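Colleague: no FASTA, just this:
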């Protein structure tokens, strides 16, 4: 105890006693146990450890593992968050805050001092204070860096052969940061290619790397394959022709070229001629018989066999397959080329759960397996829109023997866990190993515009009536199905057809709603001296052919696709009871015969008698009797005498009557009234006659009732069909557009349909006619139409997926029609694969001008379902095939079918079903007026009932009178596709309100995820004032096939902003702010400058400008403005200096020197080059990280500020660098 006495030191107070490990008299809460005697389940209340079973009266106690220590209740006045010490003067127990060393006793006013060194060993450290600003900064850092530029100009990095490409070609900046291997292959056709300029430098580069790759073999023994992933229009066809010509020079004079359409054979011939391979024949497989190709009858011993994917799976009536025919022609030792052109057609080899692999995918796989030495080239701009579709690319060596993944499913699982970042790594890995190139035509000059086409008033009314009708039709079908009872048809099949027709119907209506806009855009383009390409998916041919079959070739007007679809659905699927068949006239005899055959001959007393076989007397019978006396005697004993079932006396069989119905035998005299006349063989006893008449009467009544029901159902069906016929529904969009733009004379149609409706020359009525003429075969009609468009004889072309695959419609410098193309998408394709293919029809090499794209949507929320699918594929497609998910046209605003979309849907459904509160206020509702929200919820629930999402609905009674209740099945709770699909069938007003609510919840979730750093941002740029490479990069793995390596780069980044770099002019809110709470004796500073829409850009001394902007409300809540510039200068400078050595958590941070939160100078480790070979090691190391954000794969792009060296790779948290290096086999320094 020290001096002065006025400030005595407090004596050491004993620490509070620890509670015993277990208290046998109490438990913290109730639990359920099984009685040791009668085995009943008993509920034991809280606080009880001993009890008696109420059933068997057995006393017992809880087992020790169910007893828990009771929570110790602190004494009155004791604050458990502080230290309890006695006053040295008055002995009062005082609650002393942790860390406080001097204070006055509140009772005796004595000044006291605490000797902290004497008590710290007995008391735990004070609870850790939370640094809220550090948490905020950590979230900002976890969100990743800014998203940089997407494309960079492309030129071969390690080759200089050949002329520049005729059009600007670009590569994603992520892929451009990856170096391909050194080219070592020497082309035999090099001299010819250099002098003729038939191939550009980038096409020659592809030849070198493909041939170089084909010299290698995988661990499995198969020859390695090459993936040509150039975008549509770059010139893949000519590159393939160059590969065939190069292999021909080496004596490999056979090649297989698999593509999507047989008419592309002409393009293949043109491409071979362009590269000088005029001597190589091209044989169309579909024109050849199923005989051996090298037989005398066919006579093909060399050249290119050109076939389609549908030919690959074809077989003859005798069972001979094209696949077997090709394998036989090639031979098992075949080492020539197999080109899978447009190989995305082989996707779905590994389908989603529950699906079946496609025959095409299996055939592509089998062909590769049976020809292991073949030189395989996969060629597609969209071959890997999803990692699942890589399943057939077995020759890439990404999985299997010698890789980190045992099989494709393991590879797929790793990519799924890695998210978009993992997909981006695959593309970079393949390029680094020299098995992949992916360039695309520059989109410079290309215009993408998403146009919303609002529904006209008339169309809105049509849509509303149609939605109401479909809802009523559903109720009608439910009633009709329920009425059938056990006789109803397959219910599942009915509803599958219903929802498929429902979706197709509203798609037709949505397309028709856009027809006026398409016609207007087309006419405007023609006035501006441009030409038009209109893209759609469905031609409505099936509906047209149905109508022509029904009504004939000459009609009053164009067919309404929606009406015909609806008529067909109702006609073929309305549940009708079976039409009853009336009883035939001889039904009585028929019935008696049936009853007779159904009853054995049993006497009334239960004795079974052998029934007499009655036969009419004949001469033959008498002869038989005379010839077989012994037999006759036995028959007499068994059959000649029978017992009467009434009097029980025995008599000769021929004297008894037998009922033809029940079979009993009686004397004619025993029957009442007695039978005296001659009896026919169909005689029936009285009781049987009565039963038969009763049955027939009841049967007639029953049949009459069935007929009544059948006629009523038929009448209902007829009324529904009459209602459908009176609907004012729009015409088939394709015919309508062609008609409004001047007919087939002005419009080139490149589709898959065989016939079309054309308006008569006098303007009255339409006629169905074939698309081809006598001079042009159906097979060549699309090529003819394309040529008319390219020659400028027709300035409008309409294309569908079926007719336009591989077709070039760009403003080609070689074509007569070089006007700028305006490409209008009336109907978005079902997937991004198809969208990219459709866009690639008009954006190709050697074009005089880039196209303009106009993507049309109506203002109906539900139609965005199709945009959602496309956006999802485009995002994934850009990531995988081009190394950067931002590479596709920007439709990401319409991507709803994502992880966050599913979560948003779940929250919306739970809110509407009143299982939880909605996280946002519904559209057109006010939080101040709860009645508006309740009204919306009731309308939303009713809408979901009408489209079959809410099931088993019940209307409430009493206080819940009129309220709907029901359930949404679990599978629907996360099915965004089904929600957007069904949404199409709602009236526009409620459809749009439900859609807006869904989008609002999604935005809310994305905003929160961004704040918490959980949002997968794909490749992000790491920015800083200075970025320098530290030391020499370390090679941690080398691929023995390609020589490519995995390299660890270490960078030092300085992210801070000095005081001199600031400008505070502008808004009155602009300026320096300090945190309201202190941390380690100081407050954190920031500079806020007002940006767009009331949000503030935030600058911090240690990390510079943050990605996230802050609203003024949050800024004022957490910070206060500093008016003193001198104080701000001092605080800023202090924080700038301190942050160079430590993180924001202070010197005692749990993570220690590895923590980078708020640290100005930080070390950043990036793994570049090959990542897939070391995937397992990295994943294992990341999984052990404490911070969630460090557990996920983060792909970053970092560029040094000194020499502009750009590296793209995997960010490795500092804490796991050592473990990654230890787990890998060896480490060496890169030679300078």
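Modeller: Perfect, I can see it now. Here the structure is a predicted model, which means the values were calculated and not measured.

Colleague: in which helix or strand would I find the closest residue to residue 106 other than its chain neighbours?
Modeller: Spatial nearest neighbour of residue 106, excluding adjacent residues (CB to CB, 6 or more residues apart in numbering): residue 94 at 7.5 Å. For glycine as for every other residue, the C-beta is placed from the backbone atoms N, C-alpha and C. Assigned by DSSP states H and E, residue 94 belongs to strand 93-96.

Colleague: State the distance from the residue nearest to residue 106 to residue 102.
Modeller: 13 Å (CB to CB, to the nearest Å).

Colleague: from the chain's centre, how far out does the lengthiest helix in the chain sit?
Modeller: Criterion DSSP state H: the longest helix present in the chain is helix 686-726. Using CA atoms, centre = their mean, to the nearest Å, the mean C-alpha position of helix 686-726 is found 49 Å from that of the whole chain.

Colleague: Show me what it is packed against.
Modeller: helix 457-484, helix 561-573, helix 587-598 (3 or more CB pairs under 8 Å, 6 or more residues apart in numbering; DSSP states H and E).

Colleague: Out of these, flag the one nearest residue 41.
Modeller: The stretch from the helices and strands packed on helix 686-726 with the least distance to residue 41 (CB to CB) is helix 457-484; that distance is 40.9 Å.

Colleague: For the stretch 401-550 of the chain, which segments count as helices?
Modeller: 408-432, 457-484, 491-527, 541-551 (DSSP state H, counting those that start in this stretch).

Colleague: would you list those in a markdown table and tack on mean neighbour count, distance to residue 910 and mean pLDDT?
Modeller: Below are these laid out as a markdown table (neighbours: other CB atoms under 10 Å; distance: least, CB to CB, whole Å; pLDDT from 0 to 100):
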| stretch | mean neighbour count | distance to residue 910 | mean pLDDT |
| --- | --- | --- | --- |
| helix 408-432 | 21 | 26 | 79 |
| helix 457-484 | 16 | 24 | 85 |
| helix 491-527 | 18 | 23 | 88 |
| helix 541-551 | 16 | 40 | 78 |
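
Colleague: Now do the contacts for the spatially closest residue to residue 1072 that is not a sequence neighbour.
Modeller: In space, and not counting its chain neighbours, residue 1072 is closest to residue 1128: 3.9 Å by CB to CB, 6+ apart. Residue 1128 makes contact with 1072, 1074, 1085, 1122 under the criterion CB atoms under 8 Å, 6 or more residues apart in numbering.

Colleague: Go through those and single out the one with the most neighbours.
Modeller: residue 1085 (26 neighbours; other CB atoms under 10 Å).

Colleague: and that one, bridged to which residues?
Modeller: Following DSSP bridges, residue 1085 is listed with bridge partners residue 1074.

Colleague: Is it correct that it is in contact with residue 1059?
Modeller: No - in this structure residue 1085 lies outside contact range of residue 1059 using CB atoms under 8 Å: 10.3 Å.

Colleague: Overlap in contacts, those two.
Modeller: With CB under 8 Å, 6+ apart as the test, residue 1085 and residue 1059 both reach residue 1132.

Colleague: ok now the helix or strand harbouring residue 84, how far from the chain's centre?
Modeller: Under the criterion of DSSP H and E, residue 84 resides in strand 83-86. Centre-to-centre, strand 83-86 and its host chain are 63 Å apart (CA atoms, centre = their mean).

Colleague: Give the pairing partners of that strand; include direction for each.
Modeller: In the sheet, strand 83-86 lines up with strand 93-96 (antiparallel) (DSSP bridges).

Colleague: for the strand it pairs with, what is the average pLDDT?
Modeller: Mean per-residue pLDDT for strand 93-96: 80.

Colleague: Just the buried residues of it, please?
Modeller: For strand 93-96, a neighbour-count test (16 or more other CB atoms under 10 Å) marks 94, 96 as buried.

Colleague: can you check stretch 364-375 too?
Modeller: So, applying 16+ other CB under 10 Å, buried residues of stretch 364-375: 364-365, 367-368, 371-375.

Colleague: if we can go back for a sec, any figure for the gap between the residue nearest to residue 106 and residue 111?
Modeller: Counting by CB to CB - residue 94 and residue 111 are separated by 13 Å.

Colleague: Please apply the same query to residue 82.
Modeller: Taking CB to CB, one finds residue 82 at 19 Å from residue 111.

Colleague: One more: residue 293?
Modeller: Distance from residue 293 to residue 111, by CB to CB: 109 Å.

Colleague: Quick check on the two: which one has the bigger neighbour count.
Modeller: More neighbours surround residue 293 than the other of residue 293 and residue 111, with 21 against 13 (other CB under 10 Å).

Colleague: Give me the spatial nearest neighbour of that one, chain neighbours excluded.
Modeller: Closest to residue 293 by CB to CB, 6+ apart is residue 329, at 4.2 Å.

Colleague: State the number of residues packed around that neighbour.
Modeller: 19.

Colleague: thought it was touching residue 254?
Modeller: Yes - when contacts are counted by CB under 8 Å, residue 329 is listed as touching residue 254 (7.3 Å).

Colleague: and for those two, which residues touch both?
Modeller: Contacts common to residue 329 and residue 254, judged by CB under 8 Å, 6+ apart, are residue 305.

Colleague: Tell me the secondary structure at the residue nearest the centre of the chain.
Modeller: Nearest to the geometric centre of the chain sits residue 897, at 6.6 Å (CA atoms, centre = their mean). Following DSSP: H, G, I helix; E, B strand; the rest coil, residue 897 is assigned to coil.
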